[in-house]
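Trainee: Here's a sequence, model it:
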Amino acid sequence: MEKFSVKELYQDYLKLENKEITIEGWIKNLRDSKTFGFIELNDGTFFKNIQIVISDKLNNFKEVAKLSIYSTIKATGTLVVTENAKQPFEIQATNVEILSECDRDYPLQNKRHTMEYLRTIAHLRPRANTFQAVFRIRSVAAFAIHEYFQKNGYVYAHTPIITCADCEGSAEMFKLTTMDLKKELPKTKDGETDFSNDLFGKETYITGSGQLHGETFASAFGKIYTFGPTLRSENSNTKTHANEFWMIEPEISFCDLDELMDIEEDCLKFIVKRVLEQCSEEIEFCDKFIEKGLKEKLAKLLDSEFVRIDHKEAIDILKKADRKWEFEPDYEEDLAKEHEKYITEYFNGPVFVKNWPKDIKSYYMKLNEDGKTVAAVDLEVPGSGEIMGGSQREDDYDKLLERIKEKNMDASQIQWYLDLRRFGSNVHSGFGLGFERLLMYITGIENIRDVIPFPRTPKNCDF
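Mentor: This next block holds a predicted model:
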């Protein structure tokens, strides 16, 4: 007897009408009476369940009818098309083999659970409808990212997790050591921790970004991207921060800030389009139960032409707004969440905010001719605020060195990075896209903890 998956049956049920088929899966729901019953079965291959009709003609009907949800069965029966019913087809079982019985105290019963509770059973929550949708969308979006960059000629570069390069500020980076922390740490003559006998012979970190190493590959291959885990140690308990998350970081040679914004817009639209094409059932669920109007929001993004304004223009708009701010807009400061929201509502769509004050941005960003701003850009999208951040990189050796000194950094630690400006320098740019922030936007999920399989946040490292 040929065995089918749930997805295959949904794809080919018209061709399989009145055929005998076999399927294995988990019981998601079971309703029974004295002589017949209905099982909702799923094997993880498709968002929707299959209905299996059981009757007392089965030699083990009573045992099957008493099964608890998430017990596993192997069912054989005839596929019957039921287009006028809630489901397009069902399986009328002629044989049901019980493979495994689920304990009665299974914590994920068929009722509404809070997101907070589901986080406490992260090993089971992928079985819930919400997370069936979210994590399938995560899978499709991840593949779409690779598809986008591969079809556009980028090389996929694997940058190191362990690094001595300080990219975003060592205060936010996890420190790495093999020294016994239960013992007194060795000190130098200056009273600093002596790392000379540590595994790498120097102070090392877990990376907060693959950008610097990515630039080395861009100087050889022209266009590269990284996509992997990123760790930052900031003690932030907001809905949009996690200590472990995934980042997409392309670096592009011979690309200025305007070209970079073209790429960012094209990339985001490609990913969203792929998800809408391949996860229609999941998006439908998210639109109905997570964020009303989600489908319309995503469709509108695809049709939008992203606005581009300078940081100064954004502050001008905010200052002229007829409203009271919790955080007053400032020409020398970052945008607050309330500012990002207003700007996207003002333009009724996504907005690139570019040319930021140099003092609030990183040392590696290209200094503009005014000497006060850098060629940096943040993409703000309706409902989620900043979703991408990038810049044209400083390609002048002397200017980059000066910026490093201004930030009181040790240039000797990243001399190899400075060397890129000596050995064939060129205009180049790149951006970072936080994968979980993107998923929050696509699914409507409000908390980053609910788009990561096993979230790592302050005071939380379970599972």
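Trainee: Tell me how many other residues crowd the residue lying closest to residue 150 once chain neighbours are set aside.
Mentor: With C-beta to C-beta, 6 or more residues apart in numbering as the criterion, residue 150 has its nearest non-adjacent residue at 7.3 Å, and that residue is residue 156. (C-beta placed from N, C-alpha, C; glycine too.) Using other C-beta atoms under 10 Å, residue 156 has 12 other residues around it.
Trainee: Same check on residue 112?
Mentor: Per other C-beta under 10 Å, the neighbour tally for residue 112 reads 7.
Trainee: Find me the pLDDT at it, would you?
Mentor: As predicted, residue 112 sits at a pLDDT of 90.
Trainee: On the three-state scheme, it is what?
Mentor: Using DSSP: H, G, I helix; E, B strand; the rest coil, the structure places residue 112 in coil.
Trainee: Can you tell me how far it is from residue 326?
Mentor: 33 Å (C-beta to C-beta, to the nearest Å).
Trainee: what about stretch 225-238, how long is it end to end?
Mentor: 28 Å (C-alpha to C-alpha, to the nearest Å).
Trainee: the helices in the stretch 251-400 of the chain, which residues?
Mentor: Secondary structure of the stretch 251-400 of the chain, counting by DSSP state H, counting those that start in this stretch: helices at 257-278, 280-289, 294-303, 311-320, 337-347, 397-406.
Trainee: Turn these into TSV, including mean pLDDT.
Mentor: Formatted as TSV, these follow (pLDDT from 0 to 100):
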stretch	mean pLDDT
helix 257-278	98
helix 280-289	97
helix 294-303	95
helix 311-320	97
helix 337-347	95
helix 397-406	94
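Trainee: Can you check which of those gets nearest to residue 443?
Mentor: Taking C-beta to C-beta, helix 280-289 is the member of those nearest to residue 443, at 5.1 Å.
Trainee: just checking, what packs against that closest one?
Mentor: When contacts are defined as 3 or more C-beta pairs under 8 Å, 6 or more residues apart in numbering; DSSP states H and E, helix 280-289 packs onto helix 129-151, helix 294-303.
Trainee: which one of those is the most hemmed in?
Mentor: helix 129-151 (a mean of 18; mean count of other C-beta atoms under 10 Å).
Trainee: For it, output the C-alpha coordinates as CSV.
Mentor: What follows is helix 129-151, C-alpha atoms only, in CSV (Å, rounded to 0.1, in the frame of the first residue of the first chain):
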residue,chain,number,x,y,z
ASN,A,129,-0.8,26.1,15.3
THR,A,130,0.8,29.5,15.8
PHE,A,131,4.3,28.1,15.8
GLN,A,132,3.5,25.7,13.0
ALA,A,133,2.9,28.8,11.0
VAL,A,134,5.8,30.9,12.3
PHE,A,135,8.5,28.3,12.0
ARG,A,136,7.4,27.2,8.5
ILE,A,137,7.5,30.9,7.5
ARG,A,138,10.9,31.1,9.1
SER,A,139,12.1,28.1,7.0
VAL,A,140,10.8,29.6,3.7
ALA,A,141,12.2,33.0,4.5
ALA,A,142,15.6,31.6,5.2
PHE,A,143,15.7,29.8,2.0
ALA,A,144,14.5,32.8,0.1
ILE,A,145,17.4,34.8,1.5
HIS,A,146,19.9,32.3,0.1
GLU,A,147,17.9,32.2,-3.2
TYR,A,148,18.0,36.0,-3.6
PHE,A,149,21.7,36.4,-3.0
GLN,A,150,22.7,33.3,-5.0
LYS,A,151,20.7,34.3,-8.0
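Trainee: Noted, bye for now.
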